[in-house]
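Visitor: What follows is a predicted structure for the sequence shown.
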Amino acid sequence: MATKTIIKPKNSPTAVGPYNHGVRVGDLLFCAGQIPISPADGNLVTGDIKVQTERVLENVKAILDDQGLTFAHVVKSTVFLTDLANFAGMNEVYAKYFTENFPARSTIQVAGLPKAATVEIEVIAHY
């Protein structure tokens, strides 16, 4: 059985609940959903969907960087939006981070997200 390793990147914002930012099992890294929280002060970043998506993906990047990975290592992503009308704006920013070897992706509209965020993104990466 593969060992479960807890990942707590030093450059990530503090978790807003009883979870870890990442868990490595074998060759896979499972990253918890990231919302637009500033690592500097733990507050939600305000602004439109592009601003919030940028912060979310920077938070994802901090986890990947901690493990020596890039967005090209991501094999699956799930995007949660509180309003699918924000899809185009989110996708514009997303495309700046995922530029090659695109992962499989699902995008889901949800009723709400922690701290009233408008976007959350979780990923699974392969070492």
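Guide: Received the coordinates, thanks.

Visitor: Give me the below-cutoff pLDDT ranges for the protein.
Guide: In the prediction, the chain carries no residues with pLDDT under 70.

Visitor: show me where it has helices.
Guide: 49-66, 87-97 (DSSP state H).

Visitor: now what about the last one, what contacts it?
Guide: If I follow you right, that is helix 87-97. Applying CB atoms under 8 Å, 6 or more residues apart in numbering, the contact partners of helix 87-97 are 48-50, 53-54, 57, 60-61, 71, 79, 81, 107, 119, 121. For every residue, glycine as well, the C-beta is placed using N, CA and C.

Visitor: Just flag the most distant two among those.
Guide: By the measure CB to CB, Asp48 and Phe71 form the most distant pair in the contacts of helix 87-97, at 22.0 Å.

Visitor: which residues in the protein form strands?
Guide: Applying DSSP state E to the chain gives strands spanning 4-7, 22-25, 28-34, 74-81, 104-109, 119-126.

Visitor: of Asp48 and Phe71, who's got more company?
Guide: Neighbours were tallied for Asp48 and for Phe71 using other CB atoms under 10 Å; the higher tally belongs to Phe71 (21 against 10).

Visitor: Identify the residues contacting the more buried one.
Guide: For Phe71, the contacting residues are Val60, Lys61, Leu64, Tyr97, Phe98, Thr99, by CB under 8 Å, 6+ apart.

Visitor: same question, Leu57
Guide: Applying CB under 8 Å, 6+ apart to Leu57 gives the contacts Gln34, Val93, Tyr94, Tyr97, Ile121.

Visitor: Give me the buried entries from the residues you listed.
Guide: Using 16 or more other CB atoms under 10 Å as the burial test, those include Gln34, Val93, Tyr94, Tyr97, Ile121 as buried.

Visitor: and Ile7, how many neighbours?
Guide: Neighbour count of Ile7, defined by other CB under 10 Å: 17.

Visitor: what's the answer for Gln52, then?
Guide: 24.

Visitor: rewinding a little: kindly give a single ChimeraX line that selects the buried subset of the contacts of helix 87-97.
Guide: Typed into ChimeraX, the line below selects the buried ones among those, using 16+ other CB under 10 Å:
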select :49,50,53,54,57,60,61,71,79,81,107,119,121
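
Visitor: Sounds good, over and out.
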